[in-house]
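**Student:** The sequence isn't on hand, but the structure is:
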């Protein structure tokens, strides 16, 4: 039997999900998660139904590399004030709102486009959505990190993921359901169906807009040592009398916004920074590379839009939410690294189930089993990983450093994923899924090395350095 004390401990752990900061992340997570499938899985389904080649679909998926390069403009989001908006809303909320309005514009543009009539403008609109969505991610991640200390980051990550995955139900299963409902026939390509689906998705982005208008800016107190380092550099620049005044001001801003965040990370971890970046760059590679071609796989296996919407985009996302809640609880009880290792093992091993499904073909029961296992493990792994990335961040540079980490997390997987259509054409689906599973082996080695050589991170009683 479980003792009363242990039961109380677990109930106390569950109570973190009722805190206001965690609840706000539910709606911000929804706003962040809605655009992703609309330029990724759902878009792939649309393109395949329109008769676009698998290899072309794989290359168009590179628009999602915007998420991998967001560290490039993250310093602007971290420090640049937007006219009117920043004064009225604060720097985090101002950038969230601008990004959300840009996503809405891009989705409306896609709704009135036809990939059969012109792939280039279609891809450019998808890129606008991806770029704006990545910008929104930068601002939301910074807000989340600044809103709570490391002890709450597991629950904040789980709340964010719940909203994120609910949005994926809507932008995946919901968008496909709308397209199916509007289509005059069960099969064939009907542009009006996709127009209706994407216009509805654009309207649902108003959830994020409304949330931004109601939340308040976090009260951030940067680390004094960090401020002193920046001030010392500013004094050195000020003494360079040969520089024009405007250039000195620009140099001070550039150092504080661009150079300092990266120098701070390297200075704190030194050679271990390479190990951290290698782990971040590869942790999700199995899932992301598989995800590029997964919806194309379902079409080729003969699964209908209704089956994909119900099993993959609804049941699957519910399982991811459950996995995220479990992951958040485990992080608060066991610490980040143990859960990170468990997630890495599960993420790689569940890809083998897809190889099994490829051999079986169109089988609803088998698809359900595969999706339940895969999404449970993905939810658990992602909750631990988001908490891990948050624990590495200095709140003085939260937007830029977290953007660096999350960009590194996606850059290599998204790039490799662009060749997924070519790999399937050459290896077949079963061989492709075996390759994606094997990509998880180096990840496990890196996690074990990090557990051995890096300082303890993310345990319930341990706050990282440079947090206020």
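**Tutor:** Sure thing, it's come through. None of the values given here were measured: they were computed from a predicted structure.
**Student:** Show me where the stretch 51-200 of the chain dips below the pLDDT cut-off.
**Tutor:** Along the stretch 51-200 of the chain, the parts satisfying pLDDT under 70 run over 148-154, 186.
**Student:** Helices of that one, residue ranges please.
**Tutor:** Per DSSP state H, counting those that start in this stretch, the stretch 51-200 of the chain has helices spanning 54-60, 74-79, 85-89, 91-111, 119-147, 150-168, 175-182, 191-204. These are given in chain order.
**Student:** With the stretch 251-400 of the chain instead?
**Tutor:** Going by DSSP H, counting those that start in this stretch, the stretch 251-400 of the chain shows helices at 260-269, 272-282, 285-300, 305-307, 316-334, 336-360, 364-391, 398-417.
**Student:** Quick check: which of the ones you listed is nearest to residue 139?
**Tutor:** helix 398-417 (6.8 Å; C-beta to C-beta). Quick note: C-beta positions are derived from backbone N, CA and C, even for glycine.
**Student:** Could you pull up the mean pLDDT of the next helix or strand after the closest one?
**Tutor:** Read in the C-terminal direction, the helix or strand following helix 398-417 is helix 420-438, with elements assigned using DSSP states H and E. The pLDDT scores in helix 420-438 average 88.
**Student:** other SSEs contacting helix 420-438?
**Tutor:** Contact here means 3 or more C-beta pairs under 8 Å, 6 or more residues apart in numbering; DSSP states H and E; on that basis helix 420-438 packs against helix 54-60, helix 285-300, helix 336-360.
**Student:** and these as CSV, adding mean neighbour count and distance to residue 85?
**Tutor:** Below are these laid out as CSV (neighbours: other C-beta atoms under 10 Å; distance: least, C-beta to C-beta, whole Å):
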stretch, mean neighbour count, distance to residue 85
helix 54-60, 20, 32
helix 285-300, 23, 33
helix 336-360, 20, 35
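**Student:** need those helices in JSON lines with distance to residue 47, can you?
**Tutor:** Formatted as JSON lines, the entries for the helices and strands packed on helix 420-438 read as follows, by distance: least, C-beta to C-beta, whole Å:
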{"stretch": "helix 54-60", "distance to residue 47": "5"}
{"stretch": "helix 285-300", "distance to residue 47": "9"}
{"stretch": "helix 336-360", "distance to residue 47": "21"}
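**Student:** need the least confident one among those helices, by mean pLDDT.
**Tutor:** In terms of average pLDDT, helix 54-60 trails the rest of the helices and strands packed on helix 420-438, at a mean of 81.
**Student:** what sits up against it?
**Tutor:** Residues outside helix 54-60 that contact it (C-beta atoms under 8 Å, 6 or more residues apart in numbering): 43-44, 47-48, 52, 119, 123, 126, 292-293, 296, 417-422, 424-425.
**Student:** Could you identify the buried members of the residues you listed?
**Tutor:** Among the contacts of helix 54-60, those scoring as buried are 43-44, 47-48, 52, 119, 123, 126, 292-293, 296, 417-421, 424 (criterion: 16 or more other C-beta atoms under 10 Å).
**Student:** what about residue 84, how many residues close to it?
**Tutor:** Taking other C-beta atoms under 10 Å as the criterion, the count of residues near residue 84 is 9.
**Student:** for it, what are its contacts?
**Tutor:** Shown here is residue 84, which makes no contacts under the criterion C-beta under 8 Å, 6+ apart.
**Student:** Can you get me the start-to-end distance on stretch 175-194?
**Tutor:** 8 Å (C-alpha to C-alpha, to the nearest Å).
**Student:** which parts of it are buried?
**Tutor:** For stretch 175-194, burial by neighbour count (16+ other C-beta under 10 Å) applies to 175-180, 183, 190-191, 193-194.
**Student:** Looking at the residues you listed, which two lie furthest apart in space?
**Tutor:** Largest pairwise distance in the buried residues of stretch 175-194, by C-beta to C-beta, is 17.2 Å, between 177 and 191.
**Student:** could you give the mean pLDDT of stretch 377-397?
**Tutor:** Mean pLDDT, computed over stretch 377-397, is 80.
**Student:** which residues touch residue 404?
**Tutor:** With contact taken as C-beta under 8 Å, 6+ apart, residue 404 is in contact with 71, 74, 261-262, 265.
**Student:** Recalculate using a threshold of 6 Å.
**Tutor:** For residue 404, the contact set (C-beta atoms under 6 Å, 6 or more residues apart in numbering) comprises residue 71.
**Student:** how much space between it and residue 119?
**Tutor:** Remark: distance between residue 404 and residue 119 (C-beta to C-beta, to the nearest Å) = 32 Å.
**Student:** which residues does the residue nearest to residue 330 when sequence neighbours are not counted contact?
**Tutor:** The spatially closest residue to residue 330, leaving aside those adjacent along the chain, is residue 339, at 4.7 Å (C-beta to C-beta, 6 or more residues apart in numbering). For residue 339, the contacting residues are 330-331, 384, by C-beta under 6 Å, 6+ apart.
**Student:** quick one on the thing from earlier: quick one: closest of the helices and strands packed on helix 420-438 to residue 447.
**Tutor:** Of all those, the one in closest proximity to residue 447, counting by C-beta to C-beta, is helix 336-360 (4.9 Å).
**Student:** Taking helix 364-391 as reference, get the angle to the closest one.
**Tutor:** Our comparison of helix 336-360 with helix 364-391, counting by axes from the mean of the first three to the mean of the last three C-alpha atoms, to 10 degrees, yields an angle of 150 degrees.
**Student:** Check the offset of helix 336-360 from the chain's centre.
**Tutor:** Using C-alpha atoms, centre = their mean, to the nearest Å, we find the averaged C-alpha position of helix 336-360 to lie 19 Å away from the chain's own average C-alpha position.
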